[in-house]
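Asks: Fold the following for me, if possible:
(2 chains)
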Amino acid sequence: MFNWVDWPPEFTYSADPRFPHEVPNLRPHLCADTVSEATSGYNCIAWAASDVENWWEPDPFFQYHWPDGVQRNYSQQAYIDAFGTVGFEVCDNDMPEEGMEKIVLYTLRGEPKHAARRLRNGNWTSKLGGYEDIQHTTLDCLSGPLYGIPNVYLRRRIA
Amino acid sequence: MSADLSTTTNKNMAIAVVCVSLIAPAPAVASTAPVPAIEENTLGREVSYVIPESDYEMVTDSRVATWIKFQDLRREWHEARGGRSSVAEMAMLPAYQKIMGMGPDVLPHILTQLRYEGDQPDHWFWALAAIADTNPVPPQSRGKVREMARAWLEWGEKTGNVQLG
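Replies: You can find the predicted model right below:
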């Protein structure tokens, strides 16, 4: 049974009883911090690319931001190519590398559902849909029916 | 026992919602009693609307009923979408699909809602584009939700679907 008493008060969406059930592996001790307030201004894909000005989405109506020249669909390759426009390339793993920033793409049945970015402190950070972005200590804590599993790792050189 | 609240007391109230006439609880079997006359109004035709999860039925103006239905679906959608990161997924949820299925009648209500949401606009853009079959968002504003909202509200004003003033 979920223990609300242990849920960090700074995780402001804790008032909503649905959220922990959507991400069943996320537990308070794996959620290190809340980085922002809830906003619909950007999504996890933008947040992984360190962009807080745009909601990245290859929507068919051409209303959301999607990098020019990248196929506008919800395929894994389209997302890899989109991250490629800001310097990311596919790599083998999520392990920290000197001089490199790493992100991971979660997929479900081959379709991208979420992205997280590794911070210098070793934690991961994720924007949870329209909710807050958080820091979490493992990748698996967001695995589940909502986001799928961490599947594609990308890295880019830090200037 | 039924109570007609529309006949006199609400007549002079300023907001449109007061056109509502509460005439139920809806009977289990069809009543033979005549339905009380509804005050004439200038908003549109009268419709019957059963309040979800209640025993009540309202007879109201069609635009009011559309607004109430839209708000019910908006709440349902908000609860259902959870932490989804893709508008495409949010738009596939049944409540959002039902909103889109309401067609052009719901456009003024979506735009009114969008205006109400101010600096934190929700993701109505998919529905607006699908229903209106247009895209007023300029390329440089794609993904910038406040600018997207502004573009849609300006479109709404030009087309008479919403008043910004």
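Asks: is any part of the helix or strand where B:Gln113 lies close to chain A?
Replies: When elements are assigned from DSSP states H and E, B:Gln113 belongs to helix B:107-117. No - taking CB under 8 Å from any CB of the partner chain as the criterion, helix B:107-117 and chain A are apart, separated by no less than 8.9 Å. Where you see a C-beta, it was placed from the backbone N, CA and C, and this is true even at glycine.
Asks: avg pLDDT for that helix?
Replies: Across helix B:107-117, pLDDT averages out at 95.
Asks: Any buried residues in that helix, and which?
Replies: B:107-115 (16 or more other CB atoms under 10 Å in any protein chain shown).
Asks: neighbouring contacts of it?
Replies: B:63, B:66-67, B:70, B:74, B:99, B:121-122, B:124, B:127-128, B:131-132, B:149, B:152-153, B:156, B:161-162, B:164 (CB atoms under 8 Å, 6 or more residues apart in numbering or on different chains).
Asks: Kindly identify which of those also come near chain A.
Replies: B:121-122.
Asks: Give me the buried entries from the contacts of helix B:107-117.
Replies: So, by 16+ other CB under 10 Å, the buried ones in those are B:63, B:66-67, B:70, B:74, B:99, B:121-122, B:124, B:127-128, B:131-132, B:149, B:152-153, B:156, B:161-162.
Asks: Of the buried residues of helix B:107-117, just say which sits nearest to chain A.
Replies: Taking CB to the nearest CB as the measure, B:Leu114 is the one of those closest to chain A, at 11.6 Å.
Asks: Neighbours of the closest residue to A:Leu142 other than its chain neighbours, how many?
Replies: Closest residue in space to A:Leu142, ignoring its immediate chain neighbours: A:Val23 at 5.6 Å, by CB to CB, 6 or more residues apart in numbering or on different chains. Per other CB atoms under 10 Å in any protein chain shown, the neighbour tally for A:Val23 reads 22.
Asks: Following the chain past the helix or strand of chain A with the lowest mean pLDDT, name the next helix or strand.
Replies: Taking mean pLDDT, DSSP states H and E as the measure, chain A has strand A:31-34 as its least confident helix or strand, at a mean of 59. Next helix or strand after strand A:31-34 toward the C-terminus (DSSP H and E): helix A:44-48.
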